[in-house]
Structures are given as C-alpha cells and as structure tokens.
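Peer 1: pasting a predicted model and its sequence here:
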Amino acid sequence: MSGFQNAPVTKGLMIATGALSLIVGLADVRYYFHLQLSPHISRDHQYWRLLTNQLAFTNSSELLLGQIILYNVAVGIERTFGSHKYFSFLIAASLVSTLLNFSCLLGFYRFGLNYIPAGPIPILFAILYQYERVVPSAYNFRILGITMSNKSFTYLTAFPITISHMPGSMLVALTGLATGALYRSDITNLKSYRAPAWVTSAISSLVGASRPPHIPRRAMPGERPPFATEQVLTRRRVNEPREEENGGRTDTNAAAGAERSVTGSSSGSVMREWVDELTGRRDGARVPTATEIAELTSVFPHASREEIIAALQRSQTVDQAASILLTGSS
C-alpha cells in the first residue's frame, strides 16, 4: 500500500473503521451505535453511546464514501501535519465533536432533533476543513457559469453523507466543520495539544511501514543522450559487415545507403518527438532553482530530492509542486 507512505495513522484509521463497520454489520448490532436523546439518554441513561457513536459506520455506502475521503484527503493532511500532530488533531476533534453533538441534541430536541447517525462523520468533515484551508487548488474550471476547482470532486463525494440521515447527518457535518474551525482558531488552545508520542509509534509499528511509491528515474535536462545520434550509430554498426562483404558496390549504392541513413535519422527524430509528446518530456524542461528546491524540502522533509525536482519540473509554480507532492505521491 505505497499510497500510505508517511501516513501510518490514516492507514490505521481506515483499517480500524473498515474492520469495525464490517463486524458491526455481520453481528447485526448496528442499533448500539447511533445516538438518540430519547429514550437512550434521558430514560435509559446509556451515556456510553457518546463513546461508541463515532466508532463505525452502519451501512456500506457511507463506509465506502468515508474510505474514499480518508484516502484522498487525510493522507495529504497527515503528511502536512506530521503523524504525531495529526493523531493529536484526531483525538481533539473526536472529543470536541462529541461534546458539540450532545449539546446540539439537548438544545434542538424541542425542535424535533432526536437522532444522530453512527460513524466518524464529524471527524471526516473536520479533516475536510483542514483540507480546504491547507491544500491549495491545482486548477479551476467553470461548469454552467459556476467556478469550480479540482477539490470540488472531493466535496461532492462527501455530500451524500451529509443528506443520508436528515436532519441528524446535516448536524454532525456542521459540528465537524465547526470542530475543524475551532482547531485552527486562536480561541482555543487545541493546536498546542499533543498526544503521547509512544501512541503514534505504536500505531506505526502495528499497521506496518509502507514502501515509497515507485518513481521512474528521469535524467536531468541536458543529461539525456540524443536519440538521433544513437540511432545513426546503431545503423552504422549493423551496416559495417555488409560494407566489408560488398566492397565492390558502386557509388550509386553508397549514395542510396547515405540517403537511407538520413531517412532513418529523420524518422528517429520524429519518433522521439512523438514519444516526448506522450510522456510529457521536453528538451526545454524547466530547471528548478536551488531556492525552490530548498523551500519544498523544508515543507516536505520526508520527500526525497528526486521527488521534489520531479514535482517542480511538472509544475510552473512552487504552489502547484506542493499540491503534486501532497496528492500525487500516492
């Protein structure tokens, strides 16, 4: 699972959420995980539901959408924060969102709100808030006069979760966004909270390390040998024995052979241009400056120099290269 490089907490969260949701579905105990003020809290005093409410999804569609969001969004957020800070953020987000959900149940019960669906929906939307604030858009486009970005597809993926169990699902989505905003604001001191470091180390050891993704070796501009020269030399070596055996050929045949060599060189040049067009390589590729490489190295200490240079070559600005490193390393 090379897409989880430097993201062990997200990998463990996805495994735990998927496994618990599967167990809950197979054991048919879904009714223990949703939160209902009456009768579960007010009459039966089942306050333990506050702890189990965000442990697992109770249907497969929400589980699938949640896993997609975690893989596409949470991996990049963990690489930006670092595993220790990211795990601390998850702990703080789960506690704050639980308090907000319970407070909203108490406050809006008289208006008909009595049910909150199960699943880590507030945590998902708290992560989406960080994604909106931290990760820049790679490109923008317009559909029917509406300006959208590449991140709009991620938000559309989360929309079905928001309307799955109205009005409770809308409430937990809003509390998740509020939790993400509180974490980034200076009103609270949540950003300074850090969970014990040994917990993150234990998670990394438990889920296992992920190998880095395979990145093909690309020569720096100017180091790639010219394809046409190699093609001409190869043809010359192949034709040398024939020239020794047929030394008595006329000048007309020699001229024809020279013409074939030139034609082969031209066809090789055309083939090289076609391959370069397909692969995105250009002879005049942008050479990253030392300042750009140093800037991205300070932001992405776990990325190798080759990865940073490749991202800068594929982009026009440092922000686009940072977006590629966040989302394109998987």
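Peer 2: Nice, I can see it.

Peer 1: where does pLDDT dip in the stretch 1-150 of the chain?
Peer 2: Applying pLDDT under 70 to the stretch 1-150 of the chain flags the ranges 1-2.

Peer 1: show me where it has helices.
Peer 2: Ranges of helices in the stretch 1-150 of the chain, per DSSP state H, counting those that start in this stretch, are 8-27, 49-52, 60-69, 75-81, 83-108, 121-134.

Peer 1: turn those helices into CSV, including distance to residue 301 and mean neighbour count.
Peer 2: Every C-beta, even on glycine, is put in place using the N, C-alpha and C of the backbone. Converted to CSV, the helices of the stretch 1-150 of the chain look like this (distance: least, C-beta to C-beta, whole Å; neighbours: other C-beta atoms under 10 Å):
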stretch, distance to residue 301, mean neighbour count
helix 8-27, 16, 18
helix 49-52, 36, 15
helix 60-69, 26, 17
helix 75-81, 10, 22
helix 83-108, 13, 19
helix 121-134, 16, 22
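
Peer 1: dump these to TSV, plus distance to residue 189.
Peer 2: Listed next are the helices of the stretch 1-150 of the chain as TSV, based on distance: least, C-beta to C-beta, whole Å:
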stretch	distance to residue 189
helix 8-27	22
helix 49-52	23
helix 60-69	28
helix 75-81	17
helix 83-108	10
helix 121-134	17
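
Peer 1: measure the closest residue to residue 165 other than its chain neighbours to residue 107 for me?
Peer 2: Counting by C-beta to C-beta, 6 or more residues apart in numbering, residue 165 lies nearest to residue 117, which is 4.1 Å off, once chain neighbours are set aside. To residue 107, residue 117 is 18 Å away according to C-beta to C-beta, to the nearest Å.

Peer 1: equivalent analysis for residue 3, please.
Peer 2: 41 Å.

Peer 1: please apply the same query to residue 206.
Peer 2: 39 Å.

Peer 1: what about residue 163, how many neighbours?
Peer 2: When neighbours are counted by other C-beta atoms under 10 Å, residue 163 registers 11.

Peer 1: sorry, back to before: for the residue nearest to residue 165, what are its contacts?
Peer 2: Neighbouring residues of residue 117 by C-beta atoms under 8 Å, 6 or more residues apart in numbering: 34, 58, 164, 165, 168, 169, 172.

Peer 1: isn't the fourth one right up against residue 115?
Peer 2: When you say that, I think you mean residue 165. Yes: contact criterion C-beta atoms under 8 Å: residue 165 and residue 115 qualify, at 7.1 Å.

Peer 1: ok, the two, which is more surrounded?
Peer 2: residue 165 (21 against 18).

Peer 1: so that one, which of the three states?
Peer 2: Secondary structure, DSSP: H, G, I helix; E, B strand; the rest coil: residue 165 is coil.

Peer 1: can you check the pLDDT for it?
Peer 2: On the pLDDT scale, residue 165 is placed at 89.

Peer 1: swap in the one 3 residues further on?
Peer 2: According to the prediction, residue 168 has pLDDT 90.

Peer 1: which non-adjacent residue is nearest residue 147?
Peer 2: Residue 147 sits nearest to residue 140 (C-beta to C-beta, 6+ apart), 5.9 Å away.

Peer 1: what's across from that neighbour in the sheet?
Peer 2: residue 149 (DSSP bridges).

Peer 1: that one contacts residue 151, doesn't it?
Peer 2: No: using C-beta under 8 Å, residue 140 makes no contact with residue 151, being 9.8 Å away.

Peer 1: residue 38 - nearest residue in space that isn't next to it in sequence?
Peer 2: residue 114 (5.9 Å).

Peer 1: got the contact list for the one you found?
Peer 2: 36, 37, 38, 105.

Peer 1: any of these buried? List them.
Peer 2: The neighbour-count test (16 or more other C-beta atoms under 10 Å) applied to the contacts of residue 114 identifies 36, 37, 105 as buried.

Peer 1: wait, doesn't the second one sit right on residue 105?
Peer 2: Read it as residue 37. Yes: contact criterion C-beta under 8 Å: residue 37 and residue 105 qualify, at 4.6 Å.

Peer 1: which one of the helices of the stretch 1-150 of the chain lies nearest to residue 294?
Peer 2: Within the helices of the stretch 1-150 of the chain, the stretch nearest residue 294 is helix 75-81; the backing value is 18.1 Å (C-beta to C-beta).

Peer 1: contacts for the closest one, please.
Peer 2: 3-4, 6-7, 9-10, 86, 89, 127, 130-131, 134-135, 300, 302, 326-327, 329-330.

Peer 1: returning to that earlier point: got the contacts of residue 114 as JSON lines, with distance to residue 145 columns?
Peer 2: Shown next, in JSON lines, are the contacts of residue 114 (distance: C-beta to C-beta, whole Å):
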{"residue": "36", "distance to residue 145": "43"}
{"residue": "37", "distance to residue 145": "43"}
{"residue": "38", "distance to residue 145": "46"}
{"residue": "105", "distance to residue 145": "40"}
